Every structure is written in C-alpha cells, then in structure tokens.
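>>> predicted model, plus sequence, below.
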Amino acid sequence: MTSRAPITWRVATVREVVVETPTARSLVLDVPGWPGHRAGQHVDVRLTAEDGYQAQRSYSIASAPETPGLAITVQVVPDGEVSPYLVEEVRPGDQLELRGPIGGFFTWRVEDGGPLLLVAGGSGLAPLMAMLRHRAAQGSTVDTRLLASARTARDALYRDELERLGPRDGLRVAWTFTRETPPGWDGFTGRVDAEKLAAVAPPPDAGPRCFVCGPTPFVETVADLLVHAGHDPRAIHAERFGPTGS
Amino acid sequence: MPPISRGFRGRRHADVDPSRIPPGQYLTPDFPVLSAGPTPRTPLDRWTFSIDGEIDEVRRWTWDELLALPQETVTVDIHCVTKWSKLDTEWTGVSLDTLLDGVETEAEHVVAWCDGGYTTNLPLEDVMGGRAWIAHTYGGEPLEPAHGGPARLLVPHLYFWKSAKWVRGITLTVEDRPGFWEGYGYHNYGDPWREQRYWSD
C-alpha cells in the first residue's frame, strides 16, 4: 500500500541521544509535519557540510508509530562516512534532514496478526524493535518470538527494554552471542542455525510471518534455513544491509 | 537552504569523476545485496525465459538456447536506490534487442517477472536500443544466486531495482502496471540522474 503523503525532505531536530552500546546510539528526533509510519519502515537521512557537500543514508525507524519522537538507531560502520558522525558527533539540538517513511513490504501492524517470528542480526534489530514497541503500545498478545544475535552482551541493543517486555503477553525473547558470553550465561551461543530457529520459531504449519533483518550473509543464511525448515517463502520478509562479504 | 550538519565534513572521492555519480549516491567497492525475501534457486534444466503478453506467440528460451544466442559483454555503472553506486561492473548476457527482434506489438510497457514473485515495470523503449540485457555472468563468473543468478535483467540507466533478479520473463503490456516496489511507493520510472527514488520525486 502506498503512503500518499509526498516523501519530502524535512528538517529534524535531535531531541535526545541514547547510548545503546559502545558503538551504537539512538537519535530521537522531532520532525515537524511527520506523516506517521508503520513499524518496519525506514527513513533517508541527509547531511550537509559547510561547503554544501551532501551525503544520504537510509536508517530503519526503531520507534513505535504511537510514540512521539522518531527514533533511529545507528551502529558505527568502521571507516564509514555518515555513521561515525551520527554516533560520535551528533548532540541534542543538532539538525539534519530526513524524509520518509519509506518501504511498505517489511512492515507489520497489530491487525496483520501472527504468529510472528523476528530474527535479528546486530543492528538489524532496529526495525523489529519498532514492531515490538508497536505491539506493546497496542497491548497486543499475539504469539511473537524474537531471536536476536549479537557478538557479545555489550553489543546487544535494547536488552533491558526487551527484558521488561517479555517473557509475558505472548512474547518470547532469545539471545545468542557469537563471540563472547556473559558470566553464567545458559542461553544460546554461536551463530543462528537450524536448531536455534527450530527451538524458537512457531512451527511452519502455524504459518508465522517471518521478518529477518541484519547483515547480508546473516539474512541469506537465516532466510535459507527458514525455507528449508518448511516456512512459506512468501511469508519471509527480508531486509539486508552492508556488503556481501565476497 | 538545508541546515548545516555541525562538524560534518564527509568524504569526497578525489579520484572519481563526479559526473559519474548521480545526486545523493555514494561509491562502494562492495556489491551489496537488497532483496525482499529469500533467494530462490531454480535448477537450470527447469529454467526458461519467456516473452508473453501483447505478442502473437509467446517466445520462450531454455537456458541452453539463451546461451546459444549472440552474447554481449558490457561494462556499466550501476546505481541502487539505497544510495550506493558501483562503477565499471562487467556483465555478459543477451541483449533484449536480440530477444525482441521482429516482435510486433501494441505494447508500450513491460513487466519483468521473476522466481520468488518479484515484478518491476519499465517502458518498452527503455529495454530496447542496446540498454537492457538478460545477464548471466558478472565479472567473468556465473552470476551468484544472491545477486540474481542464474540470470537477472540488467537495465543500468535506471535505479537497480529495475534490474530484476532471478528474472524469468517479461510481459508486454498496453497499460502501465506498477511492479513490486513501484506499488510500495518507489518511483514508477526511477532515473538516478533525476533522483527519482520515490513516487513523489
């Protein structure tokens, strides 16, 4: 479905900078005239240097449509052009340009129903967090499973908030840490594989809507595993970012 | 005037001719992957490419038949709507001019359709005149599935979502029928030099 508000550049003002991890910040933005969004959509951000040079990038919206203030979560890309600026330089009161919302396939609304399977690699959790925040804001109890992969517990986004959200009201959250586990950790370790997915996911015949977001190799692997496990390829929504690694 | 992003300097590519980078794009040495779903994998012995719709008789080629047609190798710049551009990419495939040779049709549009259900629409004239190919080889190697292999449409003068991965055919249409992303608010035509990213651009 096409949003009919023209997708025009708006000036956004940084209301708050939230330190999520040592290398990720959420920027909470005031965007006058923002037409609203659906969980899973993204925005384009445009920066302008003093000499007029501009750079644009896309970022997933991490906040629920119900919440005032539009939040994007930015993970530093080593040697990146835009992300180090947004994470390390930007302060409350700074302005940048933004337009959106963009995308309509990788979205979920409470009325779309469930069950839901959300699988995140690294900062791919951001658009899925928008879905979980939307779900909570609506008081939904739809069967929802999140499997989130992070390198270490220090790199895990939104971990405290996710602990407050579940397990209850039909939400189950599972983390797997691929590089280092916290002391006493008895959860998953290592990369997402068929066993972890089978343990977390609703069975294929329950027909879950699957949303997979993360770096390209992660999404390729997880989407393939879900197809092999018998999930309907048409129900698998994928959002990839970063290089292919090849 | 856009607000100045305090302290933002950006990174210029001093070694690149700026006339090759469309507005709002940045160069990448990588080849990012953007797809809406899982990567489909169709065995080559079941693969065909078809031209159907407003045409007297459906044209269809098997994989071997496609490879037996005249092949072209082109070096082109590609531009993704998600902002990355990649210069001097080398592709081998069959020109749509070859596949459409001699077709008489009332159609002014085409819809490319693909394994996995993806579609995208283009003006017929944009896939003619040496501007579009069914590409199966990238950089001298078989095109990887994640990048659209065994074959994808290659229309480098438009944003790369028009270069449909896993393409299996085109339908010639009289009416313009928006494809997958076009139906989700992306631009109907998608000229990177006019920065036609979204429908209102």
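Good, I have the coordinates.
>>> run a quick neighbour tally on residue A:198.
12 (other Cβ atoms under 10 Å in any protein chain shown). In short, each C-beta sits where N, CA and C put it, glycine included.
>>> ok, it touching residue A:229?
Yes: using Cβ atoms under 8 Å, residue A:198 is in contact with residue A:229, at 6.6 Å.
>>> now do the residue of chain A most remote from its centre, the pLDDT please.
Residue farthest from the centre of chain A, counting by Cα atoms, centre = their mean, is residue A:51 at 33.1 Å. In the predicted model, residue A:51 carries a pLDDT score of 91.
>>> for chain B, what spans make up the strands?
Ranges of strands within chain B are B:26-27, B:48-53, B:59-62, B:72-79, B:84-95, B:109-114, B:119-123, B:133-138, B:141-142, B:152-154, B:167-173, based on DSSP state E.
>>> now the ones you listed in TSV, please, with extra columns for distance to residue B:9.
Converted to TSV, these look like this (distance: least, Cβ to Cβ, whole Å):
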stretch	distance to residue B:9
strand B:26-27	14
strand B:48-53	48
strand B:59-62	51
strand B:72-79	24
strand B:84-95	20
strand B:109-114	41
strand B:119-123	37
strand B:133-138	34
strand B:141-142	38
strand B:152-154	35
strand B:167-173	41
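>>> kindly compare burial across those and name the winner.
Ranked by mean neighbour count, these are led by strand B:152-154 with a mean of 26 (mean count of other Cβ atoms under 10 Å in any protein chain shown).
>>> is there proximity between that strand and chain A?
No: judged by Cβ under 8 Å from any Cβ of the partner chain, strand B:152-154 makes no contact with chain A; its nearest approach is 14.8 Å.
>>> domains for chain A, by residue range?
Under the assignment automatic domain parsing, the domains of chain A span A:9-102, A:110-241.
>>> measure the shortest one end to end?
Start-to-end span of domain A:9-102 (Cα to Cα, to the nearest Å) is 12 Å.
>>> can you list the weak-confidence ranges in chain A?
Applying pLDDT under 70 to chain A flags residues A:1-3, A:242-246.
>>> what is the longest strand belonging to chain A packed up against?
For chain A, the strand with the greatest residue count under DSSP E is strand A:10-21. Packing partners of strand A:10-21 (3 or more Cβ pairs under 8 Å, 6 or more residues apart in numbering or on different chains; DSSP states H and E): strand A:24-30, strand A:70-75, strand A:95-102.
>>> determine which stretch of those is the most buried.
Taking mean count of other Cβ under 10 Å, strand A:70-75 is the most buried of the helices and strands packed on strand A:10-21, at a mean of 24.
>>> how about it and chain B, any contact?
No: counting by Cβ under 8 Å from any Cβ, chain B is not contacted by strand A:70-75; separation bottoms out at 13.5 Å.
>>> quick one: buried residues of the next helix or strand after that strand?
Where DSSP states H and E defines the elements, the next helix or strand beyond strand A:70-75 is helix A:83-88. For helix A:83-88, burial by neighbour count (16 or more other Cβ atoms under 10 Å in any protein chain shown) applies to A:83, A:85-87.
>>> name the helix or strand for the spatially most central residue of chain A, please.
By Cα atoms, centre = their mean, chain A has its centre lying nearest to residue A:126, at 1.9 Å. Secondary structure from DSSP H and E places residue A:126 in helix A:125-137.
>>> what comes into contact with that helix?
Residues outside helix A:125-137 that contact it (Cβ atoms under 8 Å, 6 or more residues apart in numbering or on different chains) are A:39-42, A:59-67, A:72-73, A:106, A:108-110, A:116, A:118, A:120, A:142, A:144, A:146, A:148, A:157-158, A:161-162, A:165, A:169, A:171, A:211, A:213, A:239.
>>> got the contact list for residue A:202?
Residues near residue A:202 by Cβ under 8 Å, 6+ apart: A:115, A:117, A:143, A:145, A:208.
>>> next, the fourth one: phi, psi?
The phi/psi pair for residue A:145 (degrees, to the nearest 10) reads phi -120, psi 130.
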